[in-house]
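In: This is the structure alone, sequence omitted:
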């Protein structure tokens, strides 16, 4: 699995030594996450506060946007701005825009025509709390309004990146979210059951079932569906704070690794959180047919893969020194989280 | 009705004389529309051509984007760039982005949870031709990709506006399309039947039915649902070509007037195109309950209102001289069209 992990050039000779000590810092991550979450949410409230709260559309947008969540993407953006030596506040327009886009994607994914989920973060999904039509429109509105923020951030954000930087953010974020990024990933995810079915008929003998091919599809799916938006969060923070090309290159390595690790650990948590599924894990048809990392690689190898990805991510940040402690701690958190 | 129509300051003293002669030019509108439509569509094809045509998402986007239509909004943008003395090609990034946003809005409006339409422009709607999930995602993808075009137009558009202009276009277009514009208009439209129902119970006696209040709601609905995107088409073309503040002011008057006239004539066409409805037009309950201009004002007054709006629009363009012939001819076309 090691060969799958992008690494900075500087690591090629030395390899990664003492990975465990790298994963141990005294940095207070929970205090950091809490402080940054508060700042983010106060800005999200300002954004929503400028809409007309007597309108159901604004209420539906607020309902989903302020429903909590880890706020991982916007916090990555702020931490990334700090890692390149910048003011994290410069990352706030991108951070808020990315969280609004993330929220729209959840609202649309939950729709009856898509995943048909009734609950999200412990409360009714947007289409359950309002209506399907309102949920479609609230998602559309959050997506569109994210670009209004980037196009004209000055009334809410001070300081704010300069115009040419804001335009670059529009380009990067829309590319990560659009038909060559997140939306295509959601499309692949929706079609995954029929892909699996096609494989079942093409390869009736399990022994020749092409797990390598499945794994490469699984990686592409996640790279598009969740990876691109996680990557662009890190990149957008750095761009907002005026990073150098070399810094961007290293942060891109970090972001690709944590993006994939996030999905691998998600799959592991899904397995470990369900003992019934665990019971029939080893070689069972059900798991083999499912497009998840534990199903295709086994649970042990998935854990090792996630660990390697996180080590790769952290080692990309060597040259950033202490300024990258938050990003390093977030990478560890992705590996060790239990939800 | 005349007091409802915004007019340029220069008209305050003189009023509008000889409106009919103003409405008569020898400009070849159909040749102009055809030429501009071809240029627009060749650029839309290039945009779609850069996506992966083996993917269903790209095919669904292309299916709806290339299904024809009048292309009124993008042609307005190009004509507006010409009116301010600029190269119409500078308006193409905004024109394409606006047409993609218009197409996404039609795809989502047609969904079963919204208007539940099976046909659009004579062919099955996107969710009928593909699936509901694909239609939701194709709409999302067109909306998002529109901002990718504005954020990074250089690979397809040459010449292209400079960065600060592109950022202004992102702001203006997203504001017109978002929760303070088109999406809120669609929300109001969706809720119109329940508004009408509430009125029915509040005002059981038709004689005191507050048509003035209804008319003001109807105008707001259309200003948001269709007006803002028509206005921003005109404005975006002028901004792309580097217009002056005074030019923008006059073009804004033009655009607000044609935006409202477009909807009034749409309502008139709906009535005139259906003799069954026409037969029970005068004072019938069905028509009185419907939020349309003919229902609230009567057919004759609606025609007069549309004519006044178009005259107001055309008179805003006096100082532009012959460069504004296309915009003037398009205004006439809106009044005289039969579809």
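Out: Sure, I can see it. What you see is a predicted model; the values in this text were computed from it and never measured.
In: what's near enough to touch residue A:233?
Out: A:72-74, A:76-77, A:80, A:94-95, A:98, A:255 (C-beta atoms under 8 Å, 6 or more residues apart in numbering or on different chains). Placement of C-beta: from N, CA and C, glycine included.
In: Include pLDDT and neighbour count when you put those residues into CSV, please.
Out: As requested, these are exported to CSV (pLDDT from 0 to 100; neighbours: other C-beta atoms under 10 Å in any protein chain shown):
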residue, pLDDT, neighbour count
A:72, 97, 20
A:73, 98, 24
A:74, 98, 30
A:76, 98, 32
A:77, 98, 33
A:80, 98, 34
A:94, 98, 36
A:95, 98, 32
A:98, 98, 28
A:255, 98, 26
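In: What's the local residue count around residue A:322?
Out: 10 (other C-beta atoms under 10 Å in any protein chain shown).
In: could you pull out the strands for chain A?
Out: Remark: strands assigned in chain A by DSSP state E are A:119-120, A:123-124.
In: And the contacts of the first one?
Out: Under the contact criterion C-beta under 8 Å, 6+ apart, strand A:119-120 has outside partners A:64, A:67, A:106, A:110, A:125-126, A:128.
In: gap between the residue nearest in space to the middle of chain A and residue A:270?
Out: A centroid search over chain A (C-alpha atoms, centre = their mean) returns residue A:230, at 3.7 Å, as the residue closest to the centre. Per C-beta to C-beta, to the nearest Å, residue A:230 is found 18 Å from residue A:270.
In: sorry, back to before: pick the most deeply packed of the strands of chain A.
Out: Highest mean neighbour count among these (mean count of other C-beta atoms under 10 Å in any protein chain shown): strand A:119-120, with a mean of 16.
In: Now for chain A, the helix or strand with the poorest mean pLDDT.
Out: helix A:11-14 (a mean of 36; mean pLDDT, DSSP states H and E).
In: Compile the strands of chain A into JSON lines and extend it with columns for mean pLDDT.
Out: Formatted as JSON lines, the strands of chain A follow (pLDDT from 0 to 100):
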{"stretch": "strand A:119-120", "mean pLDDT": "94"}
{"stretch": "strand A:123-124", "mean pLDDT": "96"}
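In: out of the ones you listed, which comes closest to residue A:150?
Out: Proximity to residue A:150 (C-beta to C-beta) singles out strand A:119-120 among the strands of chain A, at 25.5 Å.
In: so what strands line up beside that closest one?
Out: Strand A:119-120 has its sheet partners listed here by DSSP bridges as strand A:123-124 (antiparallel).
In: I'd like to check which residues are in contact with the closest residue to residue A:241 other than its chain neighbours.
Out: In this structure, residue A:241 finds its nearest non-sequential neighbour in residue A:86, 2.4 Å apart by C-beta to C-beta, 6 or more residues apart in numbering or on different chains. The neighbours of residue A:86, taking C-beta under 8 Å, 6+ apart as the test, are A:238, A:240-243.
In: Chain B: which of those residues is nearest?
Out: When the contacts of residue A:86 are ranked by distance to chain B (C-beta to the nearest C-beta), residue A:240 comes first, at 14.2 Å.
In: still on that earlier bit, what pLDDT is listed against the residue nearest to residue A:241?
Out: What the model reports as pLDDT for residue A:86 is 97.
In: Please report how far it lies from residue B:309.
Out: Distance from residue A:86 to residue B:309, by C-beta to C-beta: 51 Å.
In: does stretch A:127-135 come close to chain B?
Out: Yes - in terms of C-beta under 8 Å from any C-beta of the partner chain, part of stretch A:127-135 sits within range of chain B, namely A:131-134.
In: May I see the buried residues of the lengthiest helix in chain A?
Out: The longest helix of chain A (DSSP state H) is helix A:245-272. Judged by neighbour count using 16 or more other C-beta atoms under 10 Å in any protein chain shown, the buried positions of helix A:245-272 are A:247-248, A:250-268, A:271-272.
In: what do you get for stretch A:84-102?
Out: Buried, per 16+ other C-beta under 10 Å, within stretch A:84-102: A:84, A:86, A:88-102.
In: what about that stretch, how long is it end to end?
Out: 24 Å (C-alpha to C-alpha, to the nearest Å).
In: number of nearby residues for residue A:48?
Out: If we define neighbours as other C-beta under 10 Å, then residue A:48 has 20 of them.
In: Contacts only, for it.
Out: A:58, A:61-62, A:65-66 are the contacts of residue A:48 under C-beta under 8 Å, 6+ apart.
In: For the nearest residue to residue A:262 once chain neighbours are set aside, give me its contacts.
Out: Nearest residue to residue A:262, sequence neighbours excluded (C-beta to C-beta, 6+ apart): residue A:334, at 5.3 Å. Residue A:334 sits next to A:258, A:261-262, A:265, A:310 when contact means C-beta under 8 Å, 6+ apart.
In: rewinding a little: quick one: which of the contacts of residue A:86 sit in helices?
Out: Counting by DSSP H, the contacts of residue A:86 place A:238, A:240 in helices.
In: What's the mean pLDDT across stretch A:48-60?
Out: Rounded mean pLDDT across stretch A:48-60 is 96.
In: Sort out which residues of it are buried, please.
Out: For stretch A:48-60, by 16+ other C-beta under 10 Å, it's A:48, A:51, A:55-60.
In: again with stretch A:331-339
Out: A:331-335.
In: can you redo those residues as JSON lines with pLDDT?
Out: Shown next, in JSON lines, are the buried residues of stretch A:331-339 (pLDDT from 0 to 100):
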{"residue": "A:331", "pLDDT": "97"}
{"residue": "A:332", "pLDDT": "96"}
{"residue": "A:333", "pLDDT": "95"}
{"residue": "A:334", "pLDDT": "94"}
{"residue": "A:335", "pLDDT": "93"}
